[in-house]
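>>> Got a predicted structure here, sequence first:
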Amino acid sequence: MKEWDVNATESMGSTALTWAAIKGQEEVVKMLLEREDVNRYIADLEYGCMPLLWATGKGHEGAVNMLLELPDVNPNQTDLQYGRTPLL
């Protein structure tokens with residue numbers, strides 16, 4: 001994975017971390033969060049949602065817990081389109 005940009009986005013602006021959160025792929029979320037070069041704050045382009053908002057919205061408790069354990073993840077961060085937080 002050292003040859004790949006783990007923060008690269010696809011056409012909708014989602015990163016590997018975003019997709020792992022959307023799909024509830026806990027092992028992938030864990031692996032990505034263990035990397036120092038993963039940006040946890042890249043919002044997708046379609047809705048402006050961060051990975052935590054996607055994980056909560058899809059009901060992926062394991063991914064939510066992993067993201068909330070990080071000291072720099074803000075559970076009150078709003079999405080860019082509707083102003084929603086992960087807890088609303």
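It's in.

>>> For residue 86, which non-adjacent residue is closest in space?
On the basis of C-beta to C-beta, 6 or more residues apart in numbering, the spatially nearest residue to residue 86 that is not a chain neighbour turns out to be residue 56, at 4.1 Å. (Glycine included, C-beta is placed from N, CA and C.)

>>> Using the three-state scheme, assign the one you found.
Three-state secondary structure (criterion: DSSP: H, G, I helix; E, B strand; the rest coil) places residue 56 in helix.

>>> Please read off the pLDDT at it from the model.
For residue 56, the pLDDT comes out at 93.

>>> Enumerate every residue touching it.
With contact set as C-beta atoms under 8 Å, 6 or more residues apart in numbering, residue 56 has these partners: 64, 86-87.

>>> Of the residues you listed, keep whichever come out buried.
For the contacts of residue 56, a neighbour count by 16 or more other C-beta atoms under 10 Å gives the buried set as 64, 86.

>>> Quick check on residue 15: phi, psi?
The main-chain torsion angles of residue 15 are listed as degrees, to the nearest 10 and equal phi -100, psi 180.

>>> if I look at the residue lying closest to it once chain neighbours are set aside, how far off is residue 16?
Closest residue in space to residue 15, ignoring its immediate chain neighbours: residue 42 at 5.1 Å, by C-beta to C-beta, 6+ apart. Per C-beta to C-beta, to the nearest Å, residue 42 is found 10 Å from residue 16.
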